[in-house]
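Q: pasting the structure only:
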């Protein structure tokens, strides 16, 4: 009995193993048959087609974006002009001190009747003369009708009509990281209307300028990494819509990729006045002040959170005969909060001589109001 049971057990194990082998074989055959039924070539073609379509779409999008930017630049370039203090009689910037002798810079047409915006350090003071070279090579005599060295801007007038002019944007809306383009005449006419690209690196920048033993400050500037060279001065900084948001003014020579532009909004009221009336009566408040970003350069003892520190009251200005004092902090003008001299200056540009404004000031941490009748600059 014992021997029989043992042999019977072995036989059952053999039967189980054979059944398992047959089951696996049948399953493998069925799986292989299903595999052969799949159209692998069509599947791969479909996948490759999707990838190709996506790649083609990306290329087309990039091409379309490039064409849009190129069209925008081309439509803008006719408004870019060269400005020189002496007439260009064939001199070259490649000659010794050629660029200095020519006094070459850039300007941009802002109205079809011959008004051109540039830097004060390019065109010179009000009533001075300069030469304006248009995109077609024609040269005009220009006269500076308005200039302000404090913000390094000037307006030049030429006798011309029907000019292509640039669209003016809103510099209050610029954002850090936004793509921008600088157009100008870097180091001379040989490279006129050179375009460089970059981004807005920062806004509301204040920089200290030291020249010939004197110090000055420019504030509320737009910082960009678009390459700016000396001849770019006075040229536009434009956004992707082709709108001018600033005028290129200065670069940091000790570092690459740090340039600055004056926000366009500060001079909008003046441009509009000249275009509409041919004149601009500039109101005058007669103070020099600094914002909280400049104060650390001057003194570590002066502290305030907002407003403008009154550093000087001009003897010939309308504020001299009022109760305003040096050391006061101006926080508002006509109820409008201000934190930089640019904001104050921009507001005054919207007024006329003999207009009355109300300054809100802080003195010894106490708030009060002072009425000022603006003078004429």
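A: It's in. As the structure is a prediction and not an experimental result, all values here were calculated from the model.
Q: and residue 71, which of the three is it?
A: helix (DSSP: H, G, I helix; E, B strand; the rest coil).
Q: which of the residues in stretch 160-180 are buried?
A: For stretch 160-180, burial by neighbour count (16 or more other Cβ atoms under 10 Å) applies to 160, 163, 165-169, 171, 174, 178, 180. Any C-beta I mention is one placed from the backbone N, CA and C, and that applies to glycine too.
Q: burial count for the closest residue in space to residue 111 that isn't next to it in sequence?
A: The shortest distance from residue 111 to any residue other than its chain neighbours is 4.4 Å, reached at residue 275 (Cβ to Cβ, 6 or more residues apart in numbering). Taking other Cβ atoms under 10 Å as the neighbour definition, residue 275 ends up with a count of 16.
Q: residue 275 contacts residue 109, doesn't it?
A: No - here residue 275 does not reach residue 109: they are 11.2 Å apart, not a contact under Cβ atoms under 8 Å.
Q: so what's in contact with these two at the same time?
A: Each of residue 115 lies in contact with both residue 275 and residue 109 under the rule Cβ atoms under 8 Å, 6 or more residues apart in numbering.
Q: tell me the strands in the stretch 51-200 of the chain, going along the chain?
A: If DSSP state E, counting those that start in this stretch is used as the criterion, the strands of the stretch 51-200 of the chain fall at 80-84, 105-109, 115-118, 129-133, 139-148, 153-157, 167-168, 179-184, 194-211.
Q: sorry, back to before: now for the buried residues of stretch 160-180: which two are most distant?
A: 160 and 178 (32.7 Å; Cβ to Cβ).
Q: point out where the stretch 101-250 of the chain drops to low pLDDT.
A: For the stretch 101-250 of the chain, the stretches with pLDDT under 70 are 101-103, 186-193, 210-215, 230.
Q: please redo it, this time with the cut-off set to 50
A: 101, 187-188 (pLDDT under 50).
Q: those strands in the stretch 251-377 of the chain, which residues are they?
A: 259-263, 283-284, 287-290, 308-313, 329-333, 336-337, 356-363, 366-373, 375-376.
Q: quick check: residue 132 vs residue 284, distance?
A: 29 Å (Cβ to Cβ, to the nearest Å).
Q: the two: who's more crowded?
A: Neighbour tally, residue 132 and residue 284, criterion other Cβ under 10 Å: the higher count belongs to residue 132, 23 against 17.
Q: need the contact list for that one.
A: Residue 132 makes contact with 81-83, 107, 116, 139-142, 156, 158, according to Cβ under 8 Å, 6+ apart.
Q: now distance to residue 266 too, for the strands of the stretch 51-200 of the chain, in CSV please.
A: Rendered in CSV, the data for these read as follows (distance: least, Cβ to Cβ, whole Å):
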stretch, distance to residue 266
strand 80-84, 20
strand 105-109, 15
strand 115-118, 11
strand 129-133, 22
strand 139-148, 9
strand 153-157, 8
strand 167-168, 12
strand 179-184, 17
strand 194-211, 12
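Q: closest one to residue 345 among these?
A: Ranking these by proximity to residue 345 (Cβ to Cβ) places strand 139-148 first, at 8.3 Å.
Q: neighbouring strands of that closest one in the sheet, and parallel or not?
A: The strands that strand 139-148 pairs with in its sheet are strand 129-133 (antiparallel), strand 153-157 (antiparallel) (by DSSP bridges).
Q: many thanks, I have nothing further to ask.
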